[in-house]
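K.L.:
Give me coordinates for this.
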Amino acid sequence: MKHDGFLADVLRAPEALAGLLDEYAAASSPVDSLPSAGSLQRVVLIGMGSSGFAAVTVAARLRATGIDAVAELASTGSPTPPGPGTLAVGVSASGSTAETVEALARHRGSGLAVAVTNDPSSPLAEEADVTLPLLAGVEEGGVACLTFQATLAVLHLLAGRLLGGHPSVADLRPAVDAADALRDGRQAWLPELCALLGEATSIHTVAPAERLSSALQSALMLREGPRLQAHGHETGDWLHVDVYLTKRPGYAALLFPGSRFDTDVMRWLTERGSTVIAVGCPVDGAALTVPFPSGDDLLVQALVETGVAELAAAELWRRGVEAALV
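P.N.:
The predicted structure follows:
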């Protein structure tokens, strides 16, 4: 992995997303090969790591519309059984994740097997009836940031196909401008954010269930590059599993607002003197707010807000390399 390559990848994200959306807006869009939801009994999204994180968010969106959908770790010992009414989606940026290839192979010849991958000639694609390319190009830093963004976008478009057109490419377009604005304006907030995170003994990323991928991916970026103690949580569940650690000094929370439990979480954090950074929308009591356009749009949030942790991770990783800490 390379810290300078990672920064280049993070800065290229708006351009990469725009290119992906252009390809999927073409007359022969890759998602046109998918069926409508009416012909399905269930949808299972299968992946590991960042691919699995993206699947969690899109499975939640499908379930909210009444579709029987689940995000499944490819490594599970109790997998969803194959069947003629099952749409199985194997998600792997490299297309060579052994667990995911094996899991998708179980569904081939039974239901419909779909590969979501950055390599259409990969082993995963060979097991699929339909391949949806990520079109993210080479990640110079060796970290799944561009492919995570692309995976979220493609899975949302897959969901839109099943749901009769929403979300569509047009629904995702505002995320390109928002991602651009976030990066163009980073000098207004990035130094303070890095100072706050650099002083923390542990960092906790907190997001609503419908955007859980944002918390999980953000924490991974902080672990994978600068090797910081970072953990992802769902907002409501935070009150049951993580509130206890606010008793310790140096607790910092990167909060992705939008949950009905935000107020309760903030009460505990402020009472115990924890540091809170709000992403996208202001939150009373936050030490810093990192804004971007359309910061209250669910699709824009999911596609853009992880860029905050990515930019911070790139800078803190650079500092760590210079200090020979990572």
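
K.L.:
which residues touch the helix or strand hosting residue 192?
P.N.:
Secondary structure from DSSP states H and E places residue 192 in helix 190-199. Residues outside helix 190-199 that contact it (CB atoms under 8 Å, 6 or more residues apart in numbering) are 203, 222, 228, 250, 252, 254, 275, 277, 287-288, 290, 308, 311-312, 315-316, 319. To be clear about C-beta, it is placed using only N, CA and C from the backbone, and glycine gets the same treatment.

K.L.:
same thing with stretch 136-147?
P.N.:
So stretch 136-147 is contacted by 1-10, 12-13, 16, 20, 49-51, 93, 118, 134, 149-150, 221, 224-225, 306, 310 (CB under 8 Å, 6+ apart).

K.L.:
End to end on it, go ahead and measure it.
P.N.:
6 Å (CA to CA, to the nearest Å).

K.L.:
got it, and stretch 126-136?
P.N.:
Stretch 126-136 end-to-end distance (CA to CA) = 20 Å.

K.L.:
Can I get the buried ones among the contacts of stretch 136-147 as something I can paste into ChimeraX?
P.N.:
The following ChimeraX line selects those of the contacts of stretch 136-147 that are buried, judged by 16 or more other CB atoms under 10 Å:
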select :2,3,5,6,7,9,10,12,13,16,20,49,50,51,93,118,134,149,150,221,224,225,306,310
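
K.L.:
So for stretch 239-250, what gets flagged as buried?
P.N.:
Result for stretch 239-250 [16+ other CB under 10 Å]: buried residues 242, 245, 246.

K.L.:
need those in TSV with distance to residue 66, can you?
P.N.:
Putting the buried residues of stretch 239-250 into TSV (distance: CB to CB, whole Å) gives the following:
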residue	distance to residue 66
242	31
245	37
246	38
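
K.L.:
which one among these gets closest to residue 64?
P.N.:
Ranked by distance to residue 64 (CB to CB), the buried residues of stretch 239-250 are led by residue 242 at 24.9 Å.

K.L.:
which residues sit in contact with the closest one?
P.N.:
Counting by CB under 8 Å, 6+ apart, residue 242 has contacts 204, 231, 233.

K.L.:
picking that back up, among the buried residues of stretch 239-250, which one lies nearest to residue 325?
P.N.:
Looking across the buried residues of stretch 239-250 and measuring by CB to CB, the closest to residue 325 is residue 245, at 23.2 Å.

K.L.:
Please narrow the contacts of residue 242 to those residing in strands.
P.N.:
Counting by DSSP state E, the part of those found in strands is 204, 231, 233.

K.L.:
all helices for the protein, in order.
P.N.:
3-11, 13-24, 49-64, 98-105, 123-126, 146-162, 169-172, 174-184, 190-199, 212-224, 235-241, 262-271, 298-304, 306-322 (DSSP state H).

K.L.:
Quick check: which of these is nearest to residue 281?
P.N.:
Nearest of the helices of the chain (CB to CB): helix 298-304, 8.8 Å.

K.L.:
check contacts around the spatially closest residue to residue 270 that is not a sequence neighbour.
P.N.:
Leaving aside its sequence neighbours, residue 270 sits nearest to residue 285 (CB to CB, 6 or more residues apart in numbering; 4.4 Å). Going by CB under 8 Å, 6+ apart, residue 285 touches 266, 269, 270, 276.

K.L.:
Can I have the buried ones of these as a ChimeraX selection?
P.N.:
The ChimeraX command for the buried members of the contacts of residue 285 (criterion: 16+ other CB under 10 Å) is given here:
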select :266,269,276
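
K.L.:
would you turn the contacts of residue 285 into CSV with pLDDT?
P.N.:
Formatted as CSV, these follow (pLDDT from 0 to 100):
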residue, pLDDT
266, 98
269, 98
270, 96
276, 98
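
K.L.:
Mind listing the residues bridging to residue 73?
P.N.:
With DSSP bridges as the criterion, residue 73 is bridged to residue 47.

K.L.:
Hmm, it is touching residue 52, no?
P.N.:
Yes - Residue 73 lies in contact with residue 52 (CB atoms under 8 Å); the separation is 5.9 Å.

K.L.:
ok, these two, which is more surrounded?
P.N.:
Between residue 73 and residue 52, counted using other CB atoms under 10 Å, residue 52 has the larger neighbour count: 23 against 17.

K.L.:
can I assume that one is in contact with residue 71?
P.N.:
Yes - between residue 52 and residue 71 a contact is recorded at 6.5 Å, counting by CB under 8 Å.

K.L.:
and the helix holding residue 192, what's its mean pLDDT?
P.N.:
Regarding helix 190-199, the rounded mean pLDDT is 97.
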